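Structure for this input, please:
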Amino acid sequence: MTRPAIEPRHLRSALEFAILIAAEGQKFKPPMPYPAGLRKFFNVDRIPTTSLASIRRMVEQDDTFRTRIAAGALPELVDPVGRVWLQRPEGWQDEVVRLAADSDAEAESADAVRRLRKAEKRRDAAEQAAARSRAEIVVLTSQVAERDDVIELLRTDMQKLTDETAELRAELIDTRNEVRHARDREAAARQRLAAAEHETSEAIAARGAAEHVRDDVLADRATVAAERSELARLAAAAAALADQLASVASPPRPGATDPARRKPLAMPGGVMGSSAAAGEFLLRSGASVLVDGYNVAKQAWPDLDLAGQRVVLLDAIENLVRRFGSDITVVFDGADVVGASADGRRIVRVVFSPDGVLADDVIRDEVRRLPPTRPVVVVTNDREIVTDTRALGANTMSSDQLIDLMR
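You can find the predicted model right below:
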């Protein structure tokens, strides 16, 4: 007995879903393969009934495409007739005929307004119910099947990387030389700091000059922090080159240990992380403190211009350094801003981001450059910076906490 034919209109939700997934799949790399004839329907608000038959033929002729999109055909995206037609379980032909008949019976009993509202609701649900996630699942499923080809390409790339080993070795030697020079500069800075500290001990007897000597020591400490940051940057570059060279020269060994990671400082018992007591503890901890300059200044002194905000902020932070002996670096956006220059007499380290670089990125780089054994505290209300630097093992303090301590 011949089965009744299923009209294309019964498959509208499945065919619209196929076009939606094909369009979303082009946003990934590599794009998801699809029947080429579907492209002209990507930006059509509602597929004409006269086009449904040709779309149906394209989907049925590309069995791989139909199987992929069937995995993402959820009830909130495709009606029962469309899901059975896409997934094609055993006995699906009879089931599709039955569901189509039920659908026609339901359609005849409903008025035109309700049918239109139901169709619009299904379309809205399809557009809002994570179509991108569905398409991504389809694409990732395809990519898993292609992983062997990618591995073969990577093996070819390994041969190319072997040819670059000699060049990397030369770069590593140059970087190590730079590290050696940076260590010499740090040693000179340490000698200057030792001399300044010796002058401090002698100035204790002359209490009138004690504050001036203390500021000189703190300024030298800021200089040592700058040299130490540069040394950390060069050391990190040398380590990265060494790791890259090692990864090229030899395959990874099972059970190899990960590099050391920075651990955040633990708060004393009973101290809340958002309290002023927590902020004071972090400033007294001896950690390297990185302050998002304008994030603090614009909140504390919104009525001042940028130049005024910088001056007032740096004066207030210097007072904190005198109170707690903190190692503080203040990072501002834009070295090309008029008046954006660090005062050599400052007892805090001041950094301006280069042209085209945000202070946010400078702060992230500073955290990465400091040795993992060095505790780091980042002061900002910027949620992205907080998330990124916490992932690097830094403690964070809100701008509000710092402002409360400055006042």
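
how about the strands of this protein, start to end?
Taking DSSP state E as the criterion, the chain carries its strands at 288-292, 327-332, 349-352, 376-379, 395-397.

Now render those as CSV, adding mean pLDDT.
Below are those laid out as CSV (pLDDT from 0 to 100):
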stretch, mean pLDDT
strand 288-292, 97
strand 327-332, 95
strand 349-352, 94
strand 376-379, 97
strand 395-397, 96
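
Need the ones you listed in a markdown table (columns: mean neighbour count and distance to residue 81).
Just so you know, the C-beta spots here come from the backbone N, C-alpha and C atoms, and that holds for glycine as well. Listed next are the strands of the chain as a markdown table, based on neighbours: other C-beta atoms under 10 Å; distance: least, C-beta to C-beta, whole Å:
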| stretch | mean neighbour count | distance to residue 81 |
| --- | --- | --- |
| strand 288-292 | 27 | 57 |
| strand 327-332 | 25 | 60 |
| strand 349-352 | 22 | 64 |
| strand 376-379 | 26 | 56 |
| strand 395-397 | 23 | 54 |
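
Serialize the ones you listed to JSON lines and add fields for distance to residue 124.
JSON lines is the format used below for those (distance: least, C-beta to C-beta, whole Å):
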{"stretch": "strand 288-292", "distance to residue 124": "41"}
{"stretch": "strand 327-332", "distance to residue 124": "46"}
{"stretch": "strand 349-352", "distance to residue 124": "49"}
{"stretch": "strand 376-379", "distance to residue 124": "43"}
{"stretch": "strand 395-397", "distance to residue 124": "40"}
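
what's near enough to touch the closest residue to residue 10 other than its chain neighbours?
Closest residue to residue 10 apart from its sequence neighbours, by C-beta to C-beta, 6 or more residues apart in numbering: residue 100 at 4.3 Å. Counting by C-beta atoms under 8 Å, 6 or more residues apart in numbering, residue 100 touches 6-7, 10, 81.

right, and the pair among those residues with maximum separation?
7 and 81 (10.4 Å; C-beta to C-beta).

Neighbour count for these two, which is higher?
Neighbour comparison, residue 7 and residue 81: the larger count goes to residue 81, with 23 against 14 (by other C-beta atoms under 10 Å).

Could you check how far the more buried one is from residue 65?
Going from residue 81 to residue 65 by C-beta to C-beta, to the nearest Å gives 19 Å.

Residue 42: how many residues sit nearby?
Using other C-beta under 10 Å: residue 42 sits among 12 other residues.

Distance-wise, check the residue lying closest to it once chain neighbours are set aside relative to residue 376.
Counting by C-beta to C-beta, 6+ apart, residue 42 lies nearest to residue 23, which is 4.4 Å off, once chain neighbours are set aside. Separation of residue 23 from residue 376 (C-beta to C-beta): 45 Å.

just residue 364 next, same as before
In terms of C-beta to C-beta, residue 364 sits 11 Å off from residue 376.

go on, residue 58?
57 Å.

From what I see, residue 11 and residue 82 are in contact.
Yes. With contact defined as C-beta atoms under 8 Å, residue 11 counts as touching residue 82 (5.7 Å).

between the two, which one's more packed in?
More neighbours surround residue 11 than the other of residue 11 and residue 82, with 26 against 23 (other C-beta under 10 Å).

And the pLDDT at the more buried one?
Note for residue 11: predicted pLDDT of 93.

Could you pull up the contacting residues of it?
Residue 11 neighbours (C-beta under 8 Å, 6+ apart): 52, 56, 81-82, 85.

do you know how far residue 193 is from residue 279?
27 Å.

which of those two has more neighbours?
residue 279 (24 against 18).

my guess is that one contacts residue 397, does it?
Yes. Taking contacts as C-beta under 8 Å, residue 279 lies within contact range of residue 397: 5.3 Å.
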